[in-house]
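J.: Everything below, folded, please.
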Amino acid sequence: MNHLTIKNDSGLLALALRLVVGWTYFSAFWRRTVLAPKLDPEFAGYIGKKFNHFLPNALGIKPLIEYLVEHPDILWINMLAFTIIEGLVGLSLMLGAFTRLMSIGIIGLALGILLGSGWIGTTCLDEWQIGVLGIAAGFVLFLTGSGKYSMDGYWLQKQYPFTQKKYFAWLGSGSIPIKTSIFPKVVLISSLVILGITLGTNHIFHGGLWGKLHNKSVKPKLEISQGKINENKLSFQVYRTEGVDVYGSWLIKVEVFDAENKEVIAYHQEDLAQLESHQIENKYVSKIEPGKHSLVIPLGAKATLSFKNEQFKHLSKGNYKLKLTDISGASWSHQLEKS
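T.: Reported below is the predicted structural model:
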């Protein structure tokens, strides 16, 4: 029979952890539904755009993220479901209802955050810390369950029939049904696995174990591909893969150079700020759009840009260089071919 002893009740000792971890996940639901309309695709802070920010350097789940941001309707359904799950898991954990089941949910949610956005964080490796600490906290709460001041504890005290079922010890609280002889080994092995995930992702995302530290959230980086000049049209694909997630990259110049590195045509920030919608073919929910003084490229955005100009017709066939310049002074080049 399940029972709780107050003095050395590990579930009671983990109360602060349970409440705080529960709130961190429930607050995501609260922010998106009550404090701001973050589930509205037309809202500037739409959670789907934040999800799009994860894409460039996600680990293992990049194909899933890319599929979702390519299909806005499916993305919205998943963001809604994700938000509801976070709310239910967080609230249930704070209440101490089916604590072990909710702790498994916490581990799953934290792992998703870690793999998707563990590379993001301008100062303190923010998302990586949230992910690894969430996994570790979820595991500890699975071991402890809830004690006094929880729904599980109340149900156990009242000896409701379902608390006497074997599944409740695995999904709720009470004495965890693992043999005493192997319990320390389970804890040790699981803890070492979590430590391995922590060290591995720390190094993959940030170079945290050896070599040179790196932070992909500090400076913008653009990847250019599929560049070509055909008749009177220049087209190329640009993809923002690094930099601060809450700010765009401000493109202020597009230049084309010949084989002798002589500029043959240039578009300045006034031109880029006036690009029309048919010149920008966006692929994801985060969109490249003209701003007041430049072309704004959010993190994770990918689009094909096209420029028509009669001057392109007069260029001789051969190789050219495309150069994009950000307002920060950073620039990126790509080889073109005039066919």
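J.: CA atoms for contacts and neighbours, from now on please.
T.: Will do.
J.: Do a quick rundown of the strands in the chain.
T.: 221-230, 233-242, 249-257, 263-268, 280-282, 289-290, 295-297, 302-308, 318-326, 331-338 (DSSP state E).
J.: Relative to residue 104, which of those is closest?
T.: Of all these, it is strand 233-242 that lies closest to residue 104, at 31.6 Å by Cα to Cα.
J.: Could you single out the most deeply buried of the strands of the chain?
T.: Between the strands of the chain, strand 295-297 has the highest mean count of neighbours, a mean of 25, where neighbours are mean count of other Cα atoms under 10 Å.
J.: what's the closest of the strands of the chain to residue 124?
T.: Shortest separation from residue 124 across those is recorded for strand 233-242, at 16.3 Å, computed as Cα to Cα.
J.: Run through who's touching that closest one.
T.: With Cα atoms under 8 Å, 6 or more residues apart in numbering as the contact definition, strand 233-242 has outside contacts at 56-57, 216-229, 249, 297-309, 312.
J.: I'd like the average pLDDT over it.
T.: Taken as a whole, strand 233-242 carries a mean pLDDT of 96.
J.: just how off-centre is that strand within its chain?
T.: Per Cα atoms, centre = their mean, to the nearest Å, the displacement of strand 233-242 from the mean C-alpha position of its chain is 22 Å.
J.: Out of the strands of the chain, the one nearest residue 172 is which?
T.: Ranking these by proximity to residue 172 (Cα to Cα) places strand 233-242 first, at 42.0 Å.
J.: Format the CA atom coordinates belonging to the closest one as PDB.
T.: The C-alpha atoms that make up strand 233-242 are tabulated as PDB, following Å, rounded to 0.1, in the frame of the first residue of the first chain:
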ATOM      1  CA  LYS A 233      17.100  39.300 -64.300                       C
ATOM      2  CA  LEU A 234      19.300  38.600 -61.300                       C
ATOM      3  CA  SER A 235      17.900  36.100 -58.800                       C
ATOM      4  CA  PHE A 236      19.400  34.400 -55.800                       C
ATOM      5  CA  GLN A 237      18.200  32.700 -52.600                       C
ATOM      6  CA  VAL A 238      19.200  34.200 -49.200                       C
ATOM      7  CA  TYR A 239      18.900  32.400 -45.900                       C
ATOM      8  CA  ARG A 240      19.600  34.000 -42.400                       C
ATOM      9  CA  THR A 241      21.200  31.300 -40.300                       C
ATOM     10  CA  GLU A 242      22.700  33.100 -37.300                       C
END
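J.: Let me see the domain layout of the chain.
T.: Domain assignment for the chain, taken from automatic domain parsing, gives 10-206, 221-338.
J.: now the end-to-end length of the shortest one.
T.: If I follow you right, that is domain 221-338. With Cα to Cα, to the nearest Å as the measure, domain 221-338 spans 26 Å from end to end.
J.: what does the first one give?
T.: Counting by Cα to Cα, the length from the leading to the trailing residue of domain 10-206 is 35 Å.
J.: residues in contact with the nearest residue to residue 197 once chain neighbours are set aside?
T.: In this structure, residue 197 finds its nearest non-sequential neighbour in residue 132, 7.8 Å apart by Cα to Cα, 6 or more residues apart in numbering. Residues counted as contacts of residue 132 (Cα under 8 Å, 6+ apart) are 110, 111, 114, 194, 197, 198.
J.: can you pick the most crowded of those?
T.: When neighbours are counted as other Cα atoms under 10 Å, the busiest of the contacts of residue 132 turns out to be residue 114, with 28 neighbours.
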